[in-house]
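Asker: Sequence first, then the predicted structure, then my questions.
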Amino acid sequence: MGKKVDVESLAKKAIKDKNILSELLKGILAKKDEIRDPSFKALLYISKEHPELIYSEWDYFTELLTSDNSFHKYIAIYLIASLTRVDKENKFEKIFDKYYDLLDDKSVIPSSHTAKNSGKIATAKPNLQTKITNKLLSIDETHHKPERKDLIKGYAIEAFNEYFQKAENKKEILEFVKNQLKSKSPTTIKKAKEFLKKWQK
């Protein structure tokens, strides 16, 4: 709990002070967890409360999507998804493929979190919902091992849950979720059951 309060107060200071904000933006590239982690969490807080303050850093975050460092990718995945709701210039549309290439990343971490954040993006960008759905429905086409694919699909179900009510291809989503009842991942099975209980008429 204490850590969360620290991050929040750090974020609030950065909202008022550009120098602190600049330090946070540098901090997400730090090698030390104790610098990188609170910097990221504070920026995530700002992206939710005052996204306009860091929307100008979009290109900086986009560059991190192709970093060799999985942590950098993870940070970019979350910050970009959070900023899509203020993306008046449609910058996300231009990096759509770059973002969703991460579903096939060499590491399962960026892949999982790309799927997880897709609900947020689909809610902010209704025009991209069908395109996002198609990406999530194609997880089997990635190079990951079957058990890892099952894990990523669990995150996809979480995303579908956020925008299913407004989704155009409900039938395909329901079919995808039903198939996960045979998943090798107990967590994914649980998510599938909860989803179907909520949305299946």
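Answerer: That came in fine, so what should we check first?
Asker: Low-confidence bits of the chain, can you list those?
Answerer: By pLDDT under 70, the low-scoring segments of the chain are 1-5.
Asker: which residues in it form helices?
Answerer: Using DSSP state H, the helices of the chain run over 2-16, 18-27, 33-49, 58-64, 70-83, 91-100, 108-124, 129-137, 146-163, 170-179, 186-199.
Asker: which other helices and strands contact the second one?
Answerer: Think helix 18-27. helix 2-16, helix 33-49 (3 or more C-beta pairs under 8 Å, 6 or more residues apart in numbering; DSSP states H and E). Where C-beta positions appear, they are placed from N, C-alpha and C, glycine not excepted.
Asker: try the third one
Answerer: In terms of contacts (3+ C-beta pairs under 8 Å, 6+ apart), helix 33-49 is packed against helix 2-16, helix 18-27, helix 70-83.
Asker: could these be laid out in a markdown table, adding distance to Pro186?
Answerer: A markdown table is the format used below for these (distance: least, C-beta to C-beta, whole Å):
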| stretch | distance to Pro186 |
| --- | --- |
| helix 2-16 | 29 |
| helix 18-27 | 37 |
| helix 70-83 | 24 |
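Asker: mind checking which of those is nearest Ala156?
Answerer: Among the helices and strands packed on helix 33-49, the nearest to Ala156 by C-beta to C-beta is helix 70-83 (14.1 Å).
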